[in-house]
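[1] Need a 3D model of the following:
(chains A and B, ligands or ions: 2)
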Amino acid sequence: MSEASLYFLQQLINGLTIGSTYALIAIGYTMVYGIIGMINFAHGEIYMIGSYISFIVIAGLLGMGMVALPVILIIALVIAVFIASTYGWAVERVAYRPLRGSNRLIPLISAIGMSIFLQNYVVLAQGSRDVALAPQISGSWTFGDPQLFEVSLSYMQLIIWAVTLVCMTALTLFISRSRMGRACRACSEDQGMTNLLGIDTNRTIAMTFIIGAALAAVAGLLLGLYYGVVNPFVGFIAGLKAFTAAVLGGIGSIPGAMLGGLILGVTEALTSAYFPSEYKDVVSFGLLILILLFRPSGLLGKPEVEKV
Amino acid sequence: MLQINNVNTHYGPIQALHDVSLEVKKGEIVTLIGANGAGKTTLMMTICGDPQATSGEILFDGKPISGMPTAQIMRQGLAIVPEGRRVFARLTVQENLHMGAYFRTKAEYEETLEEVLLLFPRLRERINQRAGTMSGGEQQMLAIGRAMMSKPRMILLDEPSLGLAPIIIQQIFQIIQKLRDDGVTIFLVEQNANQALKIADRGYVLENGRVVLSGSGADLLDDENVRKAYLGG
Ligand SMILES: Nc1ncnc2c1ncn2[C@@H]1O[C@H](COP(=O)(O)OP(=O)(O)O)[C@@H](O)[C@H]1O
Ligand SMILES: [Mg+2]
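    Ligands and ions are numbered 1, 2, ... in the order given. Purely as a prediction, here's the structure:
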């Protein structure tokens, strides 16, 4: 392979890695939108909280002298997912449920308020500066031509791919096969009718917030380990990117969120590889504007099925 | 089995039901007829708690259900085939039927599924097809099948014949009678007054949100005012 194509391959690997985490966060936007038709503007903060919790747990367990890294990471994952899910549930209870049925703008404002609250709450609790964590997973698998360009696929990247794949497969099976997943799809089509079948749709809606938050926390752990730093403001930009990914793929569509995340990640990696890296965000948000202008339903947006 | 006492329902400031009282006894087919906008759908939905009655009392099997949240009411042994069918268009036929049996065990679900598919062979042919791709008549059958899946003691049907071909309407009315023969109590809302009154034990006439007339199906069919207003002479 030529140097150019090896370099390209490296960007693809990096892009798919970041894209996977965008996809994980984007699920939360798309599921909540699918079921209540509103954007959860506090979702980025849930991701940020997931990242903080992971750092705190990992640092704590290391400080206690624990050495088995897989065990540490699994404990961190479980705790981060649990706490972030609780926050996701709370966002629905506090910022959305009491306002259901009112003008659509009102829950949007309360969610932005929730987002500002969570961000500042973390600033107060943890300080506003970067918190760093020494790299936990080092090593990589390299290939290519040492004379031209050596492509490296780090174990951390492999872990991100694998965890994302497992989460997405589990989610897809849950939504398509399980009883609650079916209720979730029914509810996103016709909440009133789902209610008329005896199903408590408040619980179904709460569940989508919880699932979205859990996946955001997984992304928080993965990206936290990948970058090695977290601060209270990472949720804002990651949330915006994931939101872009969800719109790109077609808001409301779960496969769309997955595809949108990957496309956005790869686009960003390629942009920063071949152009000055400041253009990265310009290109992603430019992409968002183009999609909104020319294909507002996104790449895999659900075509409306006409009821006869 | 269903008792509605002096129910009033409002949409904001607009009053849609005025002091409505009626009764459906166990094993009966009772029909409610009335012109477009009379409040028939409002009454059906008020029974289901969506919207809630602003005053009055609704009893199901002697137990007050007015005031309960919709989901809880619908778990008492009551099912609805709503106006406009409201099948889940993106779910398959089987998934729609499964939704109807949400609170039942797998074995119960499979048993009732077989009964429904025997009654509606068309649904068996289309079991894995998305509901939104089916014809209006097929969707209506699916909506009825979905209501049957919870094994309700009573089914509410809101204009099941609306917009369907005469041959399909015949089938739907036959199925309603068969359901009653199987022991399900039926409360049927229809604009198709002639056919509805023919199969009904009793009927009520709703005008501008008020019950103005009631009697046996046969009596109402003979009633001069009913003939003029709803049977075209
Ligand atoms: N969601 C609603 N909001 C406000 N008014 C409504 C609503 N639904 C029905 N109405 C009004 O209530 C009255 C009864 O409507 P409806 O129950 O649908 O009648 P029917 O089913 O007999 O045709 C009508 O005047 C209608 O305009
Ligand atoms: Mg109606």
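[2] And the most centrally placed residue in chain B, what's its pLDDT?
    Among the residues of chain B, the one closest to the centroid is B:L157, at 1.4 Å (C-alpha atoms, centre = their mean). Here the pLDDT value assigned to B:L157 is 96.
[3] residue ranges of the strands in chain B, please?
    B:2-11, B:14-24, B:29-34, B:55-60, B:63-64, B:78-81, B:154-158, B:185-190, B:202-207, B:210-216 (DSSP state E).
[4] List the contacts of the residue nearest to the centre of chain B.
    Shown in contact with B:L157 (C-beta atoms under 8 Å, 6 or more residues apart in numbering or on different chains): B:80-81, B:144, B:147, B:176, B:186-189. The C-beta positions use only the backbone N, C-alpha and C, and glycine is treated the same way.
[5] And it, how far from B:G39?
    As for B:L157, its distance to B:G39 is 16 Å (criterion: C-beta to C-beta, to the nearest Å).
[6] do the same with B:L22
    According to C-beta to C-beta, B:L22 stands 12 Å off from B:G39.
[7] Who has more neighbours out of those two?
    Neighbours were counted for B:L22 and for B:G39 using other C-beta atoms under 10 Å in any protein chain shown; B:G39 has more, 23 against 19.
[8] list the buried ones in the worst-scoring helix or strand of chain B on mean pLDDT?
    Across the helices and strands of chain B, mean confidence by mean pLDDT, DSSP states H and E is lowest for helix B:224-230: a mean of 81. Residues of helix B:224-230 classed as buried by neighbour count (16 or more other C-beta atoms under 10 Å in any protein chain shown): B:226, B:229-230.
[9] For ligand 1, state which of those is nearest.
    Of all those, B:Y230 has the smallest distance to ligand 1: 12.2 Å, by C-beta to the nearest ligand atom.
[10] shouldn't that closest one be in contact with B:L32?
    No: counting by C-beta atoms under 8 Å, B:L32 is not a contact partner of B:Y230; they are 11.6 Å apart.
[11] just for the chain, where's the confidence low?
    This is for chain A. A:302-308 (pLDDT under 70).
[12] actually it's chain B I care about, not the one you picked
    Using pLDDT under 70, chain B drops low at B:233.
[13] Could you pick out the residues of it near ligand 1 for me?
    Residues of chain B lying close to ligand 1 by C-beta under 6 Å from any ligand atom are B:11, B:14, B:16, B:34, B:36-42.
[14] And the stretch 1-150 of chain A, by the same measure?
    Checking the stretch 1-150 of chain A against ligand 1 by C-beta under 6 Å from any ligand atom, there are no hits.
[15] Please work out which residue of the stretch 1-150 of chain A is closest to chain B.
    The minimum distance from the stretch 1-150 of chain A to chain B, using C-beta to the nearest C-beta, falls at A:G34 (10.8 Å).
[16] And the residue nearest to the centre of chain B, how close does it get to B:L142?
    Taking C-beta to C-beta, one finds B:L157 at 14 Å from B:L142.
[17] now A:A59
    56 Å.
[18] bridging residues for A:V230?
    Note on A:V230: beta-bridge partners by DSSP bridges are A:V131.
[19] quick one, phi/psi of B:F120?
    In terms of degrees, to the nearest 10, the main-chain angles of B:F120 are phi -120, psi 80.
[20] Now do the shared contacts for B:Y230 and B:L32.
    Common neighbours of B:Y230 and B:L32, using C-beta under 8 Å, 6+ apart, are B:V205.
[21] My guess is B:I65 contacts B:L59. True?
    Yes: judged on C-beta under 8 Å, B:I65 makes contact with B:L59 at a distance of 7.0 Å.
[22] how deep is A:M66 tucked in, by neighbour count?
    Residues near A:M66, counting by other C-beta under 10 Å, number 13.
[23] so what's the closest residue in space to it that isn't next to it in sequence up against?
    Excluding the flanking residues, the one nearest A:M66 by C-beta to C-beta, 6 or more residues apart in numbering or on different chains is A:I72, at 5.7 Å. If you count contacts by C-beta under 8 Å, 6+ apart, A:I72 has them with A:57-58, A:61-62, A:66, A:136.
[24] Which PyMOL command selects the buried ones in those?
    Typed into PyMOL, the line below selects the buried ones among the contacts of A:I72, using 16+ other C-beta under 10 Å:
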select buried, chain A and resi 57+58+61
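[25] Thought A:S20 was touching A:A269, still the case?
    No: A:A269 is beyond contact range of A:S20, at 12.0 Å (criterion: C-beta under 8 Å).
[26] what's the longest helix anywhere in chain B packed up against?
    Longest helix of chain B, by residue count under DSSP state H: helix B:166-181. Identification of packing neighbours for helix B:166-181 by 3 or more C-beta pairs under 8 Å, 6 or more residues apart in numbering or on different chains; DSSP states H and E yields strand B:29-34, helix B:136-148, strand B:185-190, helix B:193-199.
[27] Please list the outside residues in contact with the third one.
    It refers to strand B:185-190. Taking C-beta under 8 Å, 6+ apart as the rule, strand B:185-190 contacts B:1-2, B:24-33, B:40-41, B:43-44, B:47, B:83, B:153-161, B:176, B:179-180, B:196, B:200.
[28] Check the second one too.
    Taking C-beta under 8 Å, 6+ apart as the criterion, the residues outside helix B:136-148 that touch it are A:197, A:307-308, B:79-82, B:85-87, B:93, B:96-97, B:99-100, B:112, B:115-116, B:119-120, B:122-123, B:126, B:131, B:134, B:155, B:157, B:160, B:163-165, B:168, B:171-172, B:175, B:179, B:184.
[29] how close does A:L61 get to A:V78?
    Using C-beta to C-beta, A:L61 is found at 12 Å from A:V78.
[30] typo on my end, B:M68
    For B:M68 relative to A:V78 (C-beta to C-beta), the value is 38 Å.
[31] what about the two, which has more around it?
    Using other C-beta under 10 Å, the more surrounded residue of B:M68 and A:V78 is B:M68, with 18 against 12.
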